[in-house]
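**Student:** sequence? don't have it. structure:
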């Protein structure tokens with residue numbers, strides 16, 4: 001009997017809330033061998049390293065990249081690009097949290113440098129691994145060309161620290177990527193509203209997009225009291241609603257009053273996402289053409305940022321819309 005395959009060796013850059021969650025998940029699941037952690041805040045890094053029993057580094061350049069199979073980058077949005085470029089130049093395969101960069105130019109630079117170095121860049125589009133989205137995607141593939149509308153609602157109250165970043169890059173990018181993936185297209189923004197509403201404490205983003213033959217509607221805000229994560233696919237004969245919070249699918253057939261409700265409680269999305277990344281590390285020579293369509297690539301991140309950049313150019317501020325309605 002052959003010995004079990006050794007898990008890939010990885011490091012986690014970023015010991016904040018999400019980086020710590022990733023590190024703990026790796027340690028708990030055994031998906032990979034966690035070899036090191038780093039954070040600009042040495043206290044956070046030391047605390048996490050002590051908890052998990054792994055090496056702590058006070059300088060990214062001291063991390064032994066040649067002893068690792070991959071590095072997970074879970075730093076703040078404004079640091080993603082700078083950390084990614086340093087690691088890519090050292091020849092590291094990276095898992096980089098969304099939004100990958102703060103602009104299309106940054107993401108394209110990551111794409112070009114990773115190609116030149118021949119390394120993997122795996123964007124953290126975790127919704128692709130949510131079982132409810134996986135269900136919708138499998139249905140869309142079965143019924144190619146029949147999806148007519150996509151609706152995505154992402155509502156919650158963002159913590160104060162998150163509000164320093166645009167809600168588009170922090171949250172809406174997930175649904176932009178999902179719309180691109182489900183329609184197998186590069187969505188084109190047609191009407192966009194973005195900004196603050198009156199005295200509300202956070203931003204809101206609403207967009208209508210043309211996605212091939214389908215239309216996508218995305219609404220994201222950071223001030224709702226309830227957490228809502230819903231993706232709805234409208235076909236010619238049925239509506240399929242995926243609720244990522246309740247972990248269920250509701251299927252309504254046209255002209256049939258009773259809906260079918262399915263539970264999609266399955267392996268947690270982060271575990272599925274990390275497994276996908278480590279599988280790529282084991283098969284680092286895999287060409288993109290052979291990658292399962294739901295696994296994100298740096299090209300998918302570029303597509304999402306193209307939609308974002310076009311959306312920002314088209315965006316009307318909510319305050320401007322409100323004033324127009326009041327004076328209309």
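**Tutor:** Perfect, I can see it now. Small disclaimer: the values here were computed from a predicted structure and weren't measured. Residues are numbered from 1 along each chain as shown.
**Student:** so for the helix ranked longest in the chain, what gets flagged as buried?
**Tutor:** Secondary structure of the chain per DSSP state H: the longest helix is helix 298-314. By 16 or more other C-beta atoms under 10 Å, the buried positions in helix 298-314 come out as 298, 300-308, 310-311, 314. All C-beta spots, glycine's among them, are computed from the backbone N, C-alpha and C.
**Student:** likewise for stretch 181-190?
**Tutor:** Residues of stretch 181-190 classed as buried under the neighbour-count rule (16+ other C-beta under 10 Å) are 181-183, 185-189.
**Student:** inside helices: which ones of the residues you listed?
**Tutor:** Among these, DSSP H puts 181-183 in helices.
**Student:** in a markdown table, list those along with distance to residue 15 and pLDDT.
**Tutor:** Shown next, in a markdown table, are those (distance: C-beta to C-beta, whole Å; pLDDT from 0 to 100):
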| residue | distance to residue 15 | pLDDT |
| --- | --- | --- |
| 181 | 30 | 95 |
| 182 | 34 | 94 |
| 183 | 37 | 93 |
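**Student:** residue 31: which of these is nearest?
**Tutor:** residue 181 (23.1 Å; C-beta to C-beta).
**Student:** so who does the closest one touch?
**Tutor:** By C-beta atoms under 8 Å, 6 or more residues apart in numbering, the contact list for residue 181 reads 128, 137, 293-294, 300.
**Student:** the strands in the stretch 201-328 of the chain, which residues?
**Tutor:** Under the criterion DSSP state E, counting those that start in this stretch, strands of the stretch 201-328 of the chain are mapped to 203-211, 214-221, 223-235, 238-243, 248-253, 260-263.
**Student:** how much space between the spatially closest residue to residue 235 that is not a sequence neighbour and residue 109?
**Tutor:** Once flanking residues are discounted, residue 235 sits nearest to residue 146: 5.1 Å by C-beta to C-beta, 6 or more residues apart in numbering. Distance, residue 146 to residue 109, by C-beta to C-beta, to the nearest Å: 38 Å.
**Student:** residue 246 too?
**Tutor:** Taken as C-beta to C-beta, the span from residue 246 to residue 109 is 39 Å.
**Student:** what's the answer for residue 229, then?
**Tutor:** Distance, residue 229 to residue 109, using C-beta to C-beta: 31 Å.
**Student:** which of the two has more neighbours?
**Tutor:** Taking other C-beta atoms under 10 Å, residue 229 and residue 109 do not tie; residue 229 has more neighbours (21 against 16).
**Student:** now, the most widely separated pair of the contacts of residue 181?
**Tutor:** Maximum distance among these (C-beta to C-beta): 13.3 Å, for 137 and 300.
**Student:** give me the neighbour count for residue 199.
**Tutor:** For residue 199, the count of nearby residues is 5 (other C-beta under 10 Å).
**Student:** now it, what's its secondary structure?
**Tutor:** Following DSSP: H, G, I helix; E, B strand; the rest coil, we place residue 199 in the coil state.
**Student:** how close does the nearest residue to residue 310 once chain neighbours are set aside get to residue 183?
**Tutor:** Leaving out its chain neighbours, the residue that sits closest to residue 310 by C-beta to C-beta, 6+ apart is residue 189, at 4.9 Å. Distance, residue 189 to residue 183, using C-beta to C-beta: 14 Å.
**Student:** return the distance of the strand or helix carrying residue 138 from the chain's centre.
**Tutor:** If you go by DSSP states H and E, residue 138 is part of helix 131-142. The chain centroid and the centroid of helix 131-142 are separated by 17 Å, computed with C-alpha atoms, centre = their mean, to the nearest Å.
**Student:** again with stretch 95-103
**Tutor:** Remark: stretch 95-103 is offset 9 Å from the chain centroid, using C-alpha atoms, centre = their mean.
**Student:** low-confidence ranges, the protein, go.
**Tutor:** The model of the chain has pLDDT under 70 over residues 1-4, 284-293, 320-328.
**Student:** so what's residue 185 closest to, chain neighbours aside?
**Tutor:** Once flanking residues are discounted, residue 185 sits nearest to residue 212: 3.7 Å by C-beta to C-beta, 6+ apart.
**Student:** on that earlier part again, dump the strands of the stretch 201-328 of the chain to a markdown table, plus distance to residue 282.
**Tutor:** Listed next are the strands of the stretch 201-328 of the chain as a markdown table, based on distance: least, C-beta to C-beta, whole Å:
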| stretch | distance to residue 282 |
| --- | --- |
| strand 203-211 | 33 |
| strand 214-221 | 34 |
| strand 223-235 | 30 |
| strand 238-243 | 30 |
| strand 248-253 | 32 |
| strand 260-263 | 31 |
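**Student:** closest one to residue 269 among these?
**Tutor:** Across the strands of the stretch 201-328 of the chain, residue 269 has its closest neighbour in strand 223-235 (10.9 Å, C-beta to C-beta).
**Student:** now the angle from that closest one to strand 214-221?
**Tutor:** Interaxial angle of strand 223-235 relative to strand 214-221 (axes from the mean of the first three to the mean of the last three C-alpha atoms, to 10 degrees): 170 degrees.
**Student:** cheers, nothing more for now.
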